[in-house]
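>>> Sharing a sequence plus its predicted fold:
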Amino acid sequence: MRIGVLADTHSLNIPLEVLEDFKKTDLIIHAGDFCSLQDLELLRRIKEVKGVYGNMDGADIRRILPRRKIFNLEGVTIGLCHGEGSPKRSWEVVQGEFKGDNVQAVVFGHSHQPFNEVMDGILYFNPGSPNDLVRAPFCSYGILEVKSGCIKGEIIKLKK
């Protein structure tokens with residue numbers, strides 16, 4: 001299973017490169033801060049979307065999406081949340097968010113910093129932001145590959 005991963009789109013244009021690549025995925029995950037219901041609807045026209053709301057999302061998105069989510073894909077349990085607090089400390093928040101939930105991966109956003117690391121047997125994955133040139137080191141999105149109970153992530157750096 002190939003999964004496209006986004007976060008922190010902040011109602012800015014999602015690059016065409018991302019949208020085209022997501023047509024070749026089985027599912028899209030968005031880790032919050034859509035900031036526009038239109039972004040969610042755009043992604044849903046491409047593939048099924050599993051998402052959560054972020055700290056910048058309004059009531060329209062919060063009515064539709066949860067703050068955190070746990071789901072299983074091909075034998076892999078994934079925790080999904082946005083993150084909160086200082087972006088420099090959001091890692092600590094995310095680490096504790098799914099403690100005791102027996103997840104194999106945690107997908108998050110908030111910091112706009114791409115992150116793809118396995119720690120204590122759990123993949124922590126932040127795709128960065130596809131359109132932030134202020135806080136992010138570069139524009140990016142992610143791809144997760146799930147196969148036979150295993151998961152691995154890849155950060156895709158956009159050509160901006």
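That came through, no problem. Residues are numbered from 1 along each chain as shown.
>>> Against residue 142, how distant is the most centrally placed residue in the chain?
For the chain, the residue nearest the mean C-alpha position is residue 31 (3.5 Å; Cα atoms, centre = their mean). For residue 31, the distance to residue 142 equals 9 Å [Cβ to Cβ, to the nearest Å]. For every residue, glycine as well, the C-beta is placed using N, CA and C.
>>> got any residues that touch both of these two?
5, 6, 126, 127 (Cβ atoms under 8 Å, 6 or more residues apart in numbering).
>>> can you tell me which two in these are farthest apart?
Farthest-apart pair in the shared contacts of residue 31 and residue 142 is 6 and 126; separation 10.6 Å (Cβ to Cβ).
>>> Find the residues that touch each one of the two.
Shared contacts of residue 6 and residue 126, counting by Cβ under 8 Å, 6+ apart, come down to 31, 142.
>>> Could you list the low-pLDDT ranges of the protein?
91, 160 (pLDDT under 70).
>>> Please, where are all the helices along it?
Ranges of helices in the chain, per DSSP state H, are 16-22, 37-46, 59-62, 90-97.
>>> Please save the CA atoms from stretch 137-151 in PDB.
Output in PDB follows, covering the C-alpha atoms of stretch 137-151 (Å, rounded to 0.1, in the frame of the first residue of the first chain):
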ATOM      1  CA  PRO A 137      13.900  24.100   5.600                       C
ATOM      2  CA  PHE A 138      12.400  23.100   2.200                       C
ATOM      3  CA  CYS A 139       8.900  22.300   0.800                       C
ATOM      4  CA  SER A 140       8.100  18.700   1.100                       C
ATOM      5  CA  TYR A 141       5.500  15.900   1.400                       C
ATOM      6  CA  GLY A 142       5.800  12.300   2.300                       C
ATOM      7  CA  ILE A 143       5.100   8.800   1.100                       C
ATOM      8  CA  LEU A 144       4.500   5.800   3.400                       C
ATOM      9  CA  GLU A 145       4.900   2.300   2.100                       C
ATOM     10  CA  VAL A 146       3.000  -0.400   4.100                       C
ATOM     11  CA  LYS A 147       3.600  -4.000   3.200                       C
ATOM     12  CA  SER A 148       3.200  -7.300   5.200                       C
ATOM     13  CA  GLY A 149       3.000  -5.600   8.600                       C
ATOM     14  CA  CYS A 150       5.900  -3.300   7.900                       C
ATOM     15  CA  ILE A 151       6.000   0.500   7.300                       C
END
